[in-house]
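Visitor: show me the folded form of this:
(chains A and B)
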Amino acid sequence: MDKKFKKIAIDNSDVIVQMWLEEINSLKSDNYTANISEELFDSTNREFVNVIFTSIKNAGSSKAVENFSEKIINLGWPLSYITDGLQVFRRVTIDYILSQTEQIDSTFISNVLESVDNWVEPLIRQLVNEYSGSWENTVSLQRVALQELSAPLIPVMDGITIMPLIGTIDTERAKLIMENLLDGAIKHNSEVVLMDITGVPVVDTMVAHHIIQAAEAVRLIGATCILVGIRPEIAQTIVNLGIDLSKFPTKSSLKKGFERALEITNRQVVDIESKEDSIEQLIQSLKGE
Amino acid sequence: MQPQSCVNIKKEWDIVGARQLGRDIAKKLGFRTVDQARIATTISELARNIYLYADHGQICFEVINTVEHKGICIIAVDVGPGMEDIGQALEDGYSTSGGLGAGLPGVKRLMDEFDIQTEVGKGTRVKVIKWLR
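Guide: Numbering: from 1, shown residues only, chains lettered A, B, ... in the order given. Reported below is the predicted structural model:
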């Protein structure tokens, strides 16, 4: 039975393709982004239908399917294009096979449905898996990339390290901040750690709580934590929330925090006399003789 | 009053989504940076309460635009465990999760109007309004 249906479908592929293309084109206007050019849409459709037919003929040629799903992902087309395409193909093919046979009873219909399902189902599964797999891959790569950026600790000078924080702080990141801060402070033998929150959009009680805990932990290992980069609006919301940040020093900018850090470590920034000046002085002193 | 737009809170990152939407609405209404930060912080607190205690819920935004008043109304709804003692929850420093306990009382101070309805076992509804001045 199945072979017979397959023969009908393959022998009349031109007609089925034509019916399929018409259906798909009518779907385009309301479902997919309108800025896809006609030629691209047309050529992709043809490729899609070719992939479907090759896969029916060979009963599972994975290479073509793989290439095709990769292409759809690269084009940035929605997953619904693939699922819609295959649903339409299923409907069109069933319609066509049924229209080609005279005797139609319920067993025959169920046979047709079953065979066509058997062709289309594995294709849907494979294409959707490829598509979602590729997304999962991208997302996990980005997560790793984000994690690398999430809590860097930069030693700037003997005893002084800076942790610049940019973006939203969630529980996972807060944990990383604490770990990196303590590990880094011990590893770099820091006396002062500057935590810069210039790039943190919102400081709510949770974020404040984590910052307080981190600062307290830094104090326990014998270093000082200075919170810097508190923007005026953040300062106001912290006061409104009634959060007590008085246990450790805070500064408005990294620059001021760094100056304070130098004070704590008994250091100063001194301008070096420029060379020209000293040469002039030398000449002056020579003239004097 | 304009139709509501809602954000579902299920994952921790939904808090960020709600916050961003709220901030955008506030910006469009003409709130200054300080009030934008207040609104964003409020949403953050309310959404985090949903995430922490009720597991899932919704944050809804309404734009109030009448002749006398302009402002943003934020409604946080959940069907979580509710609170036994509202008075206690509104006290500074009271927390059942080891936090700072500044969330709800803080929100009350950040906003102009604050209304809370809660029933044990049924859920909580917090409605806050910030007027544009």
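Visitor: pLDDT weak spots in chain B?
Guide: Applying pLDDT under 70 to chain B flags residues B:1-3.
Visitor: please work out which residue of it is closest to chain A.
Guide: B:Gly106 (3.4 Å; C-beta to the nearest C-beta). Just so you know, the C-beta spots here come from the backbone N, C-alpha and C atoms, and that holds for glycine as well.
Visitor: does that residue touch B:Leu46 like I think?
Guide: No. With contact defined as C-beta atoms under 8 Å, B:Gly106 does not reach B:Leu46; the gap is 10.6 Å.
Visitor: between those two, who's got more neighbours?
Guide: Comparing B:Gly106 with B:Leu46 by other C-beta atoms under 10 Å in any protein chain shown, the one with more neighbours is B:Leu46, at 29 against 26.
Visitor: name the nearest residue to the more buried one, ignoring sequence neighbours.
Guide: Among residues not flanking B:Leu46 along the chain, B:Ala76 sits closest, at 3.9 Å (C-beta to C-beta, 6 or more residues apart in numbering or on different chains).
Visitor: in a helix, A:Leu165, correct?
Guide: No. A:Leu165: not assigned to a helix; according to DSSP: H, G, I helix; E, B strand; the rest coil it is strand.
Visitor: what ranges in chain A fall below the confidence cut-off?
Guide: Low-confidence segments of chain A (pLDDT under 70): A:1, A:28-36, A:59-62, A:288-289.
Visitor: 90 - rerun?
Guide: Counting by pLDDT under 90, chain A contains low-confidence ranges at A:1-139, A:142-152, A:167-173, A:176, A:242-248, A:268-289.
Visitor: residues near the closest residue to A:Asn50 other than its chain neighbours, how many?
Guide: Leaving aside its sequence neighbours, A:Asn50 sits nearest to A:Ala64 (C-beta to C-beta, 6+ apart; 7.9 Å). Residues near A:Ala64, counting by other C-beta under 10 Å, number 15.
Visitor: who does A:Ile154 bridge with?
Guide: Beta bridges link A:Ile154 to A:Ile162 when assigned by DSSP bridges.
Visitor: how close does the residue nearest to B:Leu46 get to A:Ser26?
Guide: 44 Å (C-beta to C-beta, to the nearest Å).
Visitor: ok, A:Lys3 next?
Guide: Counting by C-beta to C-beta, the gap from A:Lys3 to A:Ser26 is 32 Å.
Visitor: looking at those two, which is more packed in?
Guide: A:Ser26 (11 against 8).
Visitor: phi, psi for A:Leu194 please.
Guide: phi -100, psi 120 (degrees, to the nearest 10).
Visitor: residues contacting it?
Guide: A:160-163, A:225-226, A:228, A:254, A:257-258, A:261 (C-beta atoms under 8 Å, 6 or more residues apart in numbering or on different chains).
Visitor: so which residues on chain B come close to chain A?
Guide: Residues of chain B lying close to chain A by C-beta under 8 Å from any C-beta of the partner chain are B:12-13, B:16, B:19, B:33-34, B:36-38, B:40-41, B:44-45, B:48, B:92, B:99-103, B:105-106, B:109-110.
Visitor: brilliant, that's me finished.
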